[in-house]
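Visitor: everything below, folded, please.
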Amino acid sequence: MINSEKINWNKVGFFRFKKIGRDKYLLSNDVGEYAFLSRVDFDNFLKGETKSSDPAYTILQERGFIRDRVNLPNLISKYQKKNLFLWQGPSLHIIVVTLCCDHKCIYCQSASREKSEKGFDLDVSAAKKIVDTIFRSPAKKLAIEFQGGEPLLNWPVVKFIIGYALEKNKTENKDLELRLVSNFSLMDKEKLDFLADNCVTLCTSLDGPERLHNKNRVWLGGNSYRHTVEWLRKAQKVYEKKTGNKFRPGAIVTVSRDSLRYAREIVDEYLKQNVNSLFIRPLTPLGMAAKLWEKIGYGPQEYLRFYKTALNHVISYALKHPNSFFHENTAKIFLAKILTVYDPNYLELRSPCGAGIGQLLYNYDGKVYTCDEARMVGEDIFCVGDIQKDSYMRLLSHPTVRVLTMASCLENTGCEYCVYKPYCGVCPIHNWADSGNIFPQAFSNSRCLIYQGILDFLFEKLQNKKIRDVFQRWADYTLP
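Guide: Numbering: from 1, shown residues only. Sure, this is the predicted structure:
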């Protein structure tokens, strides 16, 4: 601990810090600037005795850590850019077109139903109202994302929404992005051509090599891995021909306990399938994952060992292939926050989070939730209205939106003085699932421990010049 009475506040700007290793300190401030200092330089900094001739002085002065040499307009500009998302309104709109699915994934969080069950599909009337509501958002960029269940089981409504949204946007002039999250089990040439012709971004799940993927993602209709990979490759070819690389199909990894042994193999699988990136995500204790947690779950340290092994493998590949943009998305999001003046607006990693104010989810039955995770809780505690009854303004002014905004604002939590506060965020829904409290239990919450570990690892790597160059390339890849 440092005695604050010994700090020369007339010389020192506001900062957060953490000891890194045996004799280094990491500093950060509210605009996301950071600096590494030796123990001697750190002691001099605290006393306000850093001399202009010291190597550390220029870095501290340029990055806003020395009070009497602060470039205030520059810091204000950086702070504004980092927080532009606060003025945008909901930009991500997730539509659950059906709750039915033909897979039985061991970690399913959405309480999916058998594909033959009735009463779990969105109808065209509700779909039209959803699109009309989406375009009420003041956000210049809008993303409409189809989820399920398996959205291709309700293809007519997916097709209607795409056509209606594109037609409506001819007069609304939004920067509109359409996304489809699918297991590809029902994909065919007609659907693929339609999606590519309308520049609908495709994303599937690829959990790794065949044995692992099939164990995680059970398909009653056959070999899930082989079918997914077959259509992923077809989609890559069709999209390259019709759209170039701008809308290249992607995939995500969901990590189960069985995945922990296959970190390098998972990375190799993505390279084998010629996917531009992989997005490694830990399990959230919701839905089936909560019920089977003792069997498929793991602790933060187990996950971090897996993640570091995987990321080291990605970094090694990037160092050997400097012209490749292959990267891991969790790292890329953090690095964009650390190494650029912009925030990539990933809704789970911002303060406040995107619940209600950055995204909305429209369920198959017309109920509206603050986010995708909110509908997975299994009760309507995070429901903010009904698309058939409530206006856009009524949805956004719901008390639940206000409460979740407050609970995810890091200034209201124990995260306020964490050195990683400028780069992090909390998910109140995950907190609820983890501890029964929407406010984070800082430094004991499982997701908090995972993020701390990832950021420790990234800042450790940033001290290596060659790796920092790789990281900068990843970070710049996200610039608006």
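Visitor: can you pull the phi/psi pair for the residue nearest to L278 when sequence neighbours are not counted?
Guide: Spatial nearest neighbour of L278, excluding adjacent residues (CB to CB, 6 or more residues apart in numbering): Y270 at 4.4 Å. C-beta here means a position set from N, CA and C on the backbone, and glycine is covered the same way. Backbone torsions of Y270, given as degrees, to the nearest 10, read phi -70, psi -40.
Visitor: please apply the same query to Y317.
Guide: Main-chain torsions, Y317, degrees, to the nearest 10: phi -60, psi -40.
Visitor: roughly how far does it sit from D268?
Guide: Y317 sits at a distance of 9 Å from D268 (criterion: CB to CB, to the nearest Å).
Visitor: so after the helix or strand harbouring L361, what's the next helix or strand?
Guide: In the assignment (DSSP states H and E), L361 maps to strand 359-362. Counting by DSSP H and E, the next helix or strand C-terminal to strand 359-362 is strand 367-369.
Visitor: how far off centre is that next one?
Guide: In this view, strand 367-369 has its centroid 21 Å away from the chain centroid, taken as CA atoms, centre = their mean, to the nearest Å.
Visitor: show me what that strand packs onto, helices and strands only.
Guide: Where contact means 3 or more CB pairs under 8 Å, 6 or more residues apart in numbering; DSSP states H and E, strand 367-369 is packed against strand 359-362, strand 383-386.
Visitor: let's verify the residue of the chain positioned farthest from its centre: helix, strand, or coil?
Guide: Most distant residue from the mean C-alpha position of the chain: S53, 41.9 Å away (CA atoms, centre = their mean). With DSSP: H, G, I helix; E, B strand; the rest coil as the basis, S53 sits in coil.
Visitor: how near is it to F42?
Guide: 17 Å.
Visitor: quick check, pLDDT for the residue farthest from the centre of the chain.
Guide: S53 is assigned a pLDDT of 90 by the prediction.
Visitor: coming back round to it: which secondary structure elements does the strand holding L361 contact?
Guide: strand 92-96, helix 124-134, strand 367-369, helix 372-375.
Visitor: give the residue spans of the stretch 301-450 of the chain that score low on pLDDT.
Guide: Counting by pLDDT under 70, the stretch 301-450 of the chain shows low-confidence ranges at 441-443.
Visitor: doesn't A290 lie inside a helix?
Guide: Yes: counting by three-state DSSP, A290 is found in a helix.
Visitor: got the contact list for it?
Guide: Shown in contact with A290 (CB atoms under 8 Å, 6 or more residues apart in numbering): A433.
Visitor: and what of the one 3 residues further on?
Guide: Counting by CB under 8 Å, 6+ apart, W293 makes contact with L283, P285.
Visitor: for R447, see how far away it is.
Guide: Counting by CB to CB, the gap from W293 to R447 is 14 Å.
Visitor: same thing with N169?
Guide: Using CB to CB, we find N169 at a distance of 35 Å from R447.
Visitor: the two: which has the busier surroundings?
Guide: Higher neighbour count among N169 and R447: R447, with 20 against 16, using other CB atoms under 10 Å.
Visitor: how far does whatever helix or strand D469 lives in sit from the chain's center?
Guide: Take DSSP H and E as the rule and D469 turns out to sit in helix 465-476. Between the centre of helix 465-476 and the centre of its chain there are 20 Å (CA atoms, centre = their mean).
Visitor: and that helix, what's buried?
Guide: I467, V470, F471, R473, W474, A475 (16 or more other CB atoms under 10 Å).
Visitor: care to break the protein down by domain?
Guide: Per automatic domain parsing, the structural domains of the chain span 4-82, 89-298.
Visitor: avg pLDDT for the last one?
Guide: Same thing as domain 89-298. Summarised as a single mean, pLDDT over domain 89-298 is 95.
Visitor: start to end distance for it?
Guide: Using CA to CA, to the nearest Å, one end of domain 89-298 lies 36 Å from the other.
Visitor: just stretch 368-385 next, same as before
Guide: One end of stretch 368-385 sits 5 Å from the other (CA to CA).
Visitor: that'll do, ta.
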